[in-house]
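Asker: with the input below, show me the fold.
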Amino acid sequence: MNQIAFNNWMASTQIRIEASLARHLPIADSIPARLHEAMRYATLGGGKRIRPLLTCAAGELTGAQPDMLDSVACAVEMIHTYSLVHDDLPCMDNDALRRGRPTCHIEFDEATALLVGDSLQTQAFEILANPTLGQPANQLEMITLLAHASGSYGMAGGQAIDLASVGKALNQPELELMHALKTGALIRAAVLLGALAGQPLTPDERKNLDRFAKRAGLLFQVIDDILDCTASTATLGKTAGKDEATDKPTYVSLLGLDAARRYADDLRSEALAALSPFGERASRLTQLADFICHRQF
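Answerer: This is a model prediction of the structure:
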């Protein structure tokens with residue numbers, strides 16, 4: 001698969017997911033209109049959609065139907081967007097810029113932003129619980145997987161560790177645990193949910209796909225840390241240098257910039273090695289791993 005074909009697939013999938021998100025979100029002028037407007041503001045019109053892309057790529061590996069993948073990908077992206085809205089609040093990371101525009105609590109207000117996050121989270125599970133989505137047993141596994149990735153043993157737990165670690169020196173295992181929860185858990189869920197939307201995998205295949213997802217999640221965070229100190233605010237669409245300014249532990253602060261880049265290359269190699277048993281079936285995931293490793297924003 002050449003780069004042009006991959007770029008075309010990525011662009012067409014992003015457009016498809018954007019349209020699906022617009023359909024799944026409440027209409028902006030329906031009551032309560034301000035909340036619904038804010039939900040759409042926070043979710044639509046921005047972001048790389050890495051997690052939905054991973055969902056769709058994993059679903060292609062298992063032969064999932066596009067319509068089902070779209071719904072699953074929307075559920076994942078709503079959880080991701082809810083986490084961004086809450087992370088940006090003054091009581092958390094206190095940021096004023098997200099995806100190149102004012103954060104939700106700046107554009108609206110803090111109370112509305114809090115409710116936006118709450119509403120997007122519950123909307124995600126409503127999507128997965130839709131009776132038309134698939135077999136009940138499979139839906140239950142999807143719901144359980146996404147709930148676990150989102151809660152105190154996943155994303156929310158990682159954020160709690162992150163907040164408690166400001167100004168502290170973490171060693172590499174501690175830093176990796178934090179990011180395996182805060183960032184990696186939802187990326188892992190995105191991959192596994194996409195695969196669950198298609199034909200069943202063998203235990204060995206699922207183990208390999210899970211290893212890929214874990215390494216890809218860690219890779220994403222290492223690159224994020226590198227970009228935070230090397231890219232501009234205009235490029236990132238969020239405040240650059242925020243981690244250093246708030247004295248947060250990162251892979252760059254722990255390892256140094258050059259060593260962090262070498263570690264990212266190692267993680268990419270490990271992620272690709274986990275996909276090797278799938279051959280061409282995993283070509284989308286392979287190129288997404290490359291995209292994550294070499295992204296500039």
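Asker: got a list of what Ile79 touches?
Answerer: Neighbouring residues of Ile79 by CB atoms under 8 Å, 6 or more residues apart in numbering: Leu120, Gln121, Ala124, Leu146, Ala149, Ser150, Met155, Leu186. C-betas here are computed from N, CA, C, even on glycine.
Asker: which residue sits closest to the fifth one, ignoring its sequence neighbours?
Answerer: Computed as CB to CB, 6 or more residues apart in numbering, the closest residue to Ala149 that is not its neighbour in sequence is Ala189, at 3.7 Å.
Asker: angles on the backbone of the one you found, please.
Answerer: The phi/psi pair for Ala189 (degrees, to the nearest 10) reads phi -60, psi -40.
Asker: isn't Gly154 up against Leu186?
Answerer: Yes. Between Gly154 and Leu186 there is a contact at 7.0 Å, judged by CB atoms under 8 Å.
Asker: helix/strand/coil for the residue lying closest to Asp247 once chain neighbours are set aside?
Answerer: Once flanking residues are discounted, Asp247 sits nearest to Gly167: 4.7 Å by CB to CB, 6+ apart. Under DSSP: H, G, I helix; E, B strand; the rest coil, the three-state class of Gly167 is coil.
Asker: Gly167 reaches Ser253, doesn't it?
Answerer: No. At 11.4 Å, Gly167 and Ser253 do not qualify as touching, with contact defined as CB under 8 Å.
Asker: show me what the biggest helix by length in the chain is packed up against.
Answerer: Identified as the longest helix of the chain according to DSSP state H is helix 203-230. Under the contact criterion of 3 or more CB pairs under 8 Å, 6 or more residues apart in numbering; DSSP states H and E, helix 203-230 touches helix 50-61, helix 172-179, helix 185-196, helix 242-245, helix 251-255, helix 257-275, helix 283-294.
Asker: go again using 6 Å as the cut-off
Answerer: In this structure, helix 203-230 makes packing contacts with helix 185-196, helix 251-255, helix 257-275, helix 283-294, judged by 3 or more CB pairs under 6 Å, 6 or more residues apart in numbering; DSSP states H and E.
Asker: could you measure from the residue nearest to Ala149 over to Arg23?
Answerer: Computed as CB to CB, to the nearest Å, the Ala189 to Arg23 distance reads 22 Å.
Asker: Glu107 now?
Answerer: 23 Å.
Asker: which one of these two has more residues nearby?
Answerer: For Glu107 versus Arg23, the count of surrounding residues by other CB atoms under 10 Å is larger for Glu107: 16 against 10.
Asker: find the nearest non-adjacent residue to the more buried one, please.
Answerer: With CB to CB, 6+ apart as the criterion, Glu107 has its nearest non-adjacent residue at 6.2 Å, and that residue is Tyr41.
Asker: contacts for the host helix or strand of the one you found?
Answerer: Taking DSSP states H and E as the definition, one finds Tyr41 inside helix 33-43. Helix 33-43 is touched from outside by 21, 25-26, 28, 30, 81, 85, 104, 108, 112, 115-116, 119, with contacts defined as CB atoms under 6 Å, 6 or more residues apart in numbering.
Asker: make it 10 Å
Answerer: Helix 33-43 is contacted from outside by 18, 21-22, 24-30, 32, 74, 77-78, 80-82, 84-85, 88, 98-99, 101-105, 107-109, 111-113, 115-120, 123, using CB atoms under 10 Å, 6 or more residues apart in numbering.
Asker: about what we covered before: dump the contacts of Ile79 into CSV; add pLDDT and secondary structure as well.
Answerer: Below are the contacts of Ile79 laid out as CSV (pLDDT from 0 to 100; DSSP: H, G, I helix; E, B strand; the rest coil):
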residue, pLDDT, secondary structure
Leu120, 98, helix
Gln121, 98, helix
Ala124, 98, helix
Leu146, 98, helix
Ala149, 98, helix
Ser150, 98, helix
Met155, 97, helix
Leu186, 98, helix
